[in-house]
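Peer 1: The following comprises the amino acid sequence and a computationally predicted model.
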Amino acid sequence: MHVLVLGGDGFCGWPTALYLSDRGHDVTIVDNLSRRAIDIELEVESLTPIRPIGERLRVWHEVSGREIGLVRLDLATEYDRLVALLSALRPDAVVHFAEQRAAPYSMRSTQSKRYTIDNNVRTTHNLLSALVATGTDAALVHLGTMGVYGYGWSGSAPIPEGYLTVKVPTPDGDLEREILHPANPGSVYHLTKTLDQLMFSFYAANDQVRITDLHQGIVWGTQTAQTVRDERLINRFDYDGDYGTVLNRFLMQAAIGHPLTVHGTGGQTRAFIHIRDTVRCIEIALANPPAAGDRPMVFNQVTESHRVRDLAKLVSSLTGVRVANLPNPRREAVENDLVVRNDRFLALGLEPTTLSEGLLDECTGIAGRYRSRVDLSKIIARSVWRSGMEIADDLLTELPTPPALQPQAAPGPHER
Ligand code: NAD
Ligand code: USQ
């Protein structure tokens, strides 16, 4: 199968491109490297020393004998080039990761809100309309998010896979209908994913585009069987307050002895999946596309749910690092329950990697190995959902600087 991996230089896209290539598919990455540009804007680097994309691809060829193509293209603004690319390559499948994916970054400023909407909505719509305009009959797999459902909307009822059965009262009795689960986004980023869903419904109905939308939970872990084959293939590990996600942040914080940064009481329950399962799920989704004319197929791409404070307690008990309850910079329910249906992937053969198997080996290993690359000033989440929620600096002085990372002990950027 010839697969285009849009956003193939990113945290999920890079290991997916390698996995699919390793499994014998012809892979072409399309990426504008905007994520690397945002690192420069935020003055932060991945905890792991990720290599330039050209070097990554050369090394993959060295270790596997396989070529992965690269097209540097901005999907939000370079529509004509996208059309030319689809016409030339005629891919069998397209995996769409190419969006601004951090909720805190999307709430950071008016500019980042506007960028997130412009980038994500235009990217998805350009892709859909280019598929139609070029008559490309590719299966489209999109990475959506569990956050489209919101948290706590339906109490403890399990979240279905995309569609909800409702009863519509009529004078002749109740009509039963399946509708897209009501959207309840908690950030501008999550809002873009709910808009994506509507675009998918329209293009599936009007143009018979075959679409699978994967409602993925929070991805944890770093490496896959392919990215460990050479250090120069290492995957990205975001730890900063905008892009770092909760469990990987806790693991990095534990590795440097920084108190674990629980927001509020840590009563938020979220769904998780390991990066190794992400790449498997993509392959399963590619092998099981909907038929032309079907509504978008939705899979909940999650393997387990945990409350944030329980994760912090678990990491704390394994490492001895204490938990700090910080004011929550987000507007979110103080406590929520979460039960998620994920029957589809399990039925199609997914064997989940659980927290208990992988927690310390891989992440603490990675976090421990690269701990000297941590910039302590980037750990606390500073992007707030509304003005007035800013975290006062005097609160943060209560968080002691880990002794091993006092500024004089940290290597300069050229020594890394
Ligand atoms: P990432 O930021 O690491 O990767 C996204 C990639 O897309 C980057 O390489 C970026 O340069 C590229 N990109 C962005 N806009 C582009 C554009 N206009 N044109 C071309 N390339 C563009 O993010 P990630 O963590 O790999 O997430 C990938 C997808 O999975 C996202 O859509 C995200 O919403 C979804 N997702 C991620 C997680 C998670 O925990 N990381 C969880 C659920 C869903
Ligand atoms: N949290 C803390 N402490 C931290 C970081 C986060 O308590 O140091 C809390 C947050 O307040 C939130 C929860 O942990 O309640 C999850 O935050 P997160 O940053 O790990 O995840 P989120 O912002 O939801 O976004 C991530 C990805 C996004 C993806 C989403 C899946 O960045 O791309 O869509 O997870 S989901 O959460 O299922 O919607």
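Peer 2: Perfect, thanks for sending it. Ligands and ions are numbered 1, 2, ... in the order given.
Peer 1: what about D174, how many neighbours?
Peer 2: Using other Cβ atoms under 10 Å, D174 has 10 neighbouring residues. For every residue, glycine as well, the C-beta is placed using N, CA and C.
Peer 1: Phi and psi next, for it.
Peer 2: D174 has phi and psi values of phi -80, psi 140 when expressed as degrees, to the nearest 10.
Peer 1: how close does the closest residue to D9 other than its chain neighbours get to R229?
Peer 2: Closest residue to D9 in three dimensions, ignoring its sequence neighbours and counting by Cβ to Cβ, 6 or more residues apart in numbering: D31, at 4.2 Å. When Cβ to Cβ, to the nearest Å is the yardstick, D31 and R229 sit 21 Å from each other.
Peer 1: For those two, work out which one has more neighbours and name it.
Peer 2: Residue environment comparison for D31 versus R229 gives the larger neighbour count to D31, 25 against 17, counting by other Cβ under 10 Å.
Peer 1: shouldn't V246 be in contact with R307?
Peer 2: No - between V246 and R307 there is no contact, the gap being 10.8 Å when judged by Cβ atoms under 8 Å.
Peer 1: neighbour-wise, which of those two wins?
Peer 2: Relative neighbour count places V246 above the other of V246 and R307, with 22 against 18, counting by other Cβ under 10 Å.
Peer 1: The closest residue to the more buried one other than its chain neighbours: neighbour count?
Peer 2: Closest residue in space to V246, ignoring its immediate chain neighbours: V308 at 6.0 Å, by Cβ to Cβ, 6+ apart. Counted with other Cβ under 10 Å, the burial measure for V308 works out to 20 neighbours.
Peer 1: OK, contacts around V308?
Peer 2: 246, 262-263, 266-270 (Cβ atoms under 8 Å, 6 or more residues apart in numbering).
Peer 1: Quick check: beta-bridge partners of the residue nearest to D9?
Peer 2: For D31, the beta-bridge assignment (DSSP bridges) gives partners R72.
Peer 1: Look up how far ligand 1 lies from it.
Peer 2: The span separating D31 from ligand 1 equals 4 Å under the rule Cβ to the nearest ligand atom, to the nearest Å.
Peer 1: got it, and D240?
Peer 2: Plainly put, D240 is 12 Å away from ligand 1 if you go by Cβ to the nearest ligand atom.
Peer 1: Is that residue located within a strand, as I assumed?
Peer 2: No - with DSSP: H, G, I helix; E, B strand; the rest coil as the criterion, D240 is coil rather than part of a strand.
Peer 1: heads up, I number from 30, so please use that
Peer 2: Okay, residue one is now 30; in that scheme the one you just asked about reads as D269.
Peer 1: per-residue confidence at it?
Peer 2: Per-residue confidence (pLDDT) for D269: 98.
Peer 1: so the residue nearest to D38 sits right up against I82, yeah?
Peer 2: Yes - the pair D60 and I82 qualifies as a contact (Cβ under 8 Å) at a distance of 7.1 Å.
Peer 1: overlap in contacts of the two?
Peer 2: For the pair D60 and I82, residues contacting each of them under the criterion Cβ under 8 Å, 6+ apart are 38, 99.
Peer 1: what does the stretch 180-329 of the chain have sitting close to ligand 1?
Peer 2: With Cβ under 6 Å from any ligand atom as the criterion, the stretch 180-329 of the chain meets ligand 1 at residues 245, 247-248, 265, 274.
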